[in-house]
Each structure stands twice: as C-alpha cells, then as structure tokens.
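Q: Next one to model:
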Amino acid sequence: MDEAGERGFDAHTPLRLALTTGTTGLPKGVVQTHAAFEERLDRMHCDVVEIPRIIPPGMHITIAINLAMHALCKGGAVVIPRSYSTAGLFEAIRNLGVTHVTLPPASLVLLLVDLQGTAPAFPGVRHLRLVGSTPTRRVLEQARTRFTPHVYVPYGLGEVGLVSMATPEMVAEDPGSCGVLEPGVRLELHGDSEIRVHIPGQPDDYYGPDAGLGTRFRNGWFHPGDRGRMSPEGRLYIEGRIDHIINVGGLKVSPEYSESVLMEFAGVREVAVFGVTDPNGATQLVAAIVPSGEIDWNGLHQFSVRRLQVTAPVRFLEVESLPRNLMGKLERELISEAAFPQAKTRL
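A: Purely as a prediction, here's the structure:
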C-alpha cells in the first residue's frame, strides 16, 4: 500500500486493495480510497431494518467486507456461523436474529432441499441477497416461498460496486430482471449488447501489474464483459458474458441462457452447457447436469429441442457436481467432457 498513495485520512487516501474473484483470469486488484469505500457502504441496501445483523459470505470477498462494515457502522452485528453447512447456517439465522443473508444461487439451491414447508422458514430475514450469477425463475420462486419473501437480486461488480438492484416487489413481478440502476450510475450498451458502466468514485484502472493494460477500464468507463439489455421501464437484464458465447453453425449461443432454460425442467438442480467439436470439426453443445431427483431424460431432450430448437444440446451428461468458486460462479475453463470421467451419458 505504500506505493498506492500518500498516507493520511482524507477522502483520497488509499484504504485497501480489493481483489476480483478471478473468474475471468487471475485476481486483479483495485485501490479503494476512503471516499470510494464510503460511497459503497451507502449503496448496500441494508436499511430495511434499523439495526442489521448480517451473515456475510467469505470475509476475503469485497462484498462481504462492505456488508460487514455497513452493519457495524449502523450499530448492528456481523454473525459468523459455527460452520457454513446447512445446519450451521440455519442455526445461526434462527438463534441470532439474523436480518441479512447473502448467498450465491447455487448455494441457495442446496439449502432449499431442506426447506420443504408450506411457509417461508425465515421471515425474519428481511434481505436475502443473491449474488454471483442471475438466479432462475424457479430458484427465485422457491426462495420466496421456502426461505423468505424478502429476496433481492443485484447486478454488482467487484471493481466498481453496485450497478442495479431488484427489490422484492420487482422480483415477484419480473423475476428475470436485476432491477433499476442505482442513483448516479450510468450504463450504456454497445456492440453486441455489451455493457459498460460508470459509477461515481470508481477507480480509473487496476493496480499493480495489471495497470495500464486497458482491458476493462477505458476512457472513464468500466467494461465488465457482460451482455445485457434494458427494458423501456429502465430495468436491466443480464444475458451472459461476451467471452462465453459459443458459435454453433454460425449461431451465437449464450450458455447462460441455455442453462436457465434447462433449469426449468423437473429434476435439474444444476447445469453447465459447453461446446465440443465433432469428428467433422463442427461445434455442438453438451449439457452437464446435476440432478435433484429422477429426471425423464427423453422428456428433457424433447423439452430442450422445443425451447432451444437447433441450439439444443446433443448430449446430456449426469454428473455429481460442477466446479464453482466461492461466489458460486461456474469455473467454465474447467468444464469439458474430460473433466467428468465418471459422468453417465444420458442421451
């Protein structure tokens, strides 16, 4: 930090180095100043209760630090469960008055298996924030009916902060949306629906060896590499990453979209869609699926052809788990047929 700027206590003094999650390469650092960090704390949307009691994800993650500091600044508490297992998390929520929980959708899916009641198990949780990836409609509905009705879906970026937030009312009305832009946030779509954003107080560049490369920070904008669209009402929809697009016979396929469709079929808990090369050199799609119960594989095939047409997977692989990072994001560079030697080919 000695090289990041002069020591002191004014708004421009460096406070900490925040690292990205590393899902698009090695983790990179950005310098957060006192003013930028305070700006982020003001955008945490934790004011649904006067004194928040927060369970953050792993404390080395930027959003966890922000949530923890926000709670403490409000006179609240940071709750660390005895373990992040299902039993440990549920015990902490029930016994310690937790009001805010932050989870990746993939982790929530595992927790929902043990919540089969007819009413939300944790109505006292006033803010369940789903981060890391866009949850499917089915996961959102199960979260609202089994966990808590107070579900929030943000679009946030580790480098620059919160871009938009869908409130519980928006989630119920429009489950595919990430809500409306935060005050002061500018967002533009260019090229192939690629997103770029500018948030007041955002860094100008990465720190250290990644500085000056112009990979994401360009001309005052941050380019996260995500694709999206805006509705006439100003709601944001995330449609996947630019570098995840798979070219199938000249058609540009978003694996995230294909996965969201397949997740709607009964018995599919998790899915990852990836490209393979056939003997003729053409690219075809394969879906690796983690079941939550019995799956009608022929029915799934017919469903996928009906919904995805010529971009439906040509093979389904039944697997035990998918590689994910601590924020629940798929580590796509690790996904291939060779990565699942024990997989059962179901179609």
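Q: Spit out the contact partners of the nearest residue to residue 168 once chain neighbours are set aside.
A: What sits nearest to residue 168 in space, not counting adjacent residues and going by CB to CB, 6 or more residues apart in numbering, is residue 150, at 5.2 Å. Yep, even glycine has a C-beta here, placed from its N, CA and C like the rest. For residue 150, the contact set (CB atoms under 8 Å, 6 or more residues apart in numbering) comprises 48, 125, 126, 127, 128, 168.
Q: Buried subset of these as a ChimeraX selection?
A: One line in ChimeraX is enough to select the buried ones among these; burial here means 16 or more other CB atoms under 10 Å:
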select :125,126,127,128,168
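Q: Which of the contacts of residue 150 fall in strands?
A: Within these, residues falling in strands by DSSP state E are 127, 128.
Q: Compute the first-to-last residue distance for stretch 183-196.
A: By CA to CA, to the nearest Å, the extent of stretch 183-196 from end to end equals 16 Å.
Q: Between the contacts of residue 150, which sits nearest residue 70?
A: When the contacts of residue 150 are compared for distance to residue 70, the smallest value, 11.2 Å, is given by residue 127; criterion: CB to CB.
Q: any idea how far that closest one lies from residue 223?
A: From residue 127 across to residue 223, the span is 29 Å (CB to CB, to the nearest Å).
Q: Likewise for residue 343?
A: Applying CB to CB, one obtains 36 Å for the distance of residue 343 from residue 223.
Q: Equivalent analysis for residue 266, please.
A: If you go by CB to CB, the gap between residue 266 and residue 223 works out to 38 Å.
Q: okay, the two: which has more neighbours?
A: Neighbour totals were compared for residue 266 and residue 223, and residue 223 leads with 18 against 13 (other CB atoms under 10 Å).
Q: ok, now which ones touch the more buried one?
A: Contact analysis of residue 223 by CB under 8 Å, 6+ apart lists 194, 195, 196, 216, 217.
Q: min pLDDT across the residues you listed, which one?
A: Across those, the member with the lowest pLDDT is residue 216, scoring 91.
Q: Could you pull out the helices in the stretch 151-300 of the chain for me?
A: The residue ranges that make up the helices of the stretch 151-300 of the chain, judged by DSSP state H, counting those that start in this stretch, are 168-173, 255-262, 297-308.
Q: Among those, which comes closest to residue 335?
A: Using CB to CB as the measure, helix 255-262 is the one of those that comes nearest residue 335, at 9.4 Å.
Q: how far out from the middle of the chain is the closest one?
A: Once both centres are worked out by CA atoms, centre = their mean, to the nearest Å, helix 255-262 turns out to sit 15 Å from its chain's centre.
Q: what's the span of stretch 314-329, first residue to last?
A: According to CA to CA, stretch 314-329 extends 24 Å from its N-terminal end residue to its C-terminal end residue.
Q: How far off centre is stretch 30-37?
A: 23 Å.
Q: So what would you say the end-to-end distance of that stretch is?
A: Taking CA to CA, the span from the opening residue of stretch 30-37 to its closing residue is 12 Å.
Q: Ok, stretch 323-338 next?
A: The straight-line separation of the ends of stretch 323-338 (CA to CA) is 13 Å.
Q: Pull out the buried positions in that stretch.
A: Neighbour-count burial for stretch 323-338, with 16+ other CB under 10 Å as criterion, is recorded at 324, 327, 328, 329, 330, 332, 335.
Q: can you list contacts of that stretch?
A: When contacts are taken as CB under 8 Å, 6+ apart, the neighbours of stretch 323-338 outside the stretch itself are 21-23, 57-58, 61, 103-107, 131-133, 244, 255, 272, 274, 276, 286, 288, 317, 322, 339, 343.
Q: try it again with 7 Å
A: Counting by CB atoms under 7 Å, 6 or more residues apart in numbering, stretch 323-338 makes contact with 21, 23, 57-58, 61, 104-107, 131-133, 244, 272, 274, 276, 286, 288, 322, all of which sit outside it.
Q: give me phi/psi at the residue nearest the centre of the chain?
A: For the chain, residue 132 is the residue whose C-alpha lies nearest the centre (CA atoms, centre = their mean; 1.8 Å). The phi and psi torsions at residue 132 (degrees, to the nearest 10) take the values phi 100, psi -40.
Q: Confirm for me that it is in contact with residue 107.
A: No - under the criterion of CB atoms under 7 Å, residue 132 is not in contact with residue 107, lying 8.6 Å apart.
Q: ok so, going back, name the member of the contacts of residue 223 that has the highest neighbour count.
A: The member of these surrounded by the most neighbours (other CB under 10 Å) is residue 195, with 26 neighbours in all.
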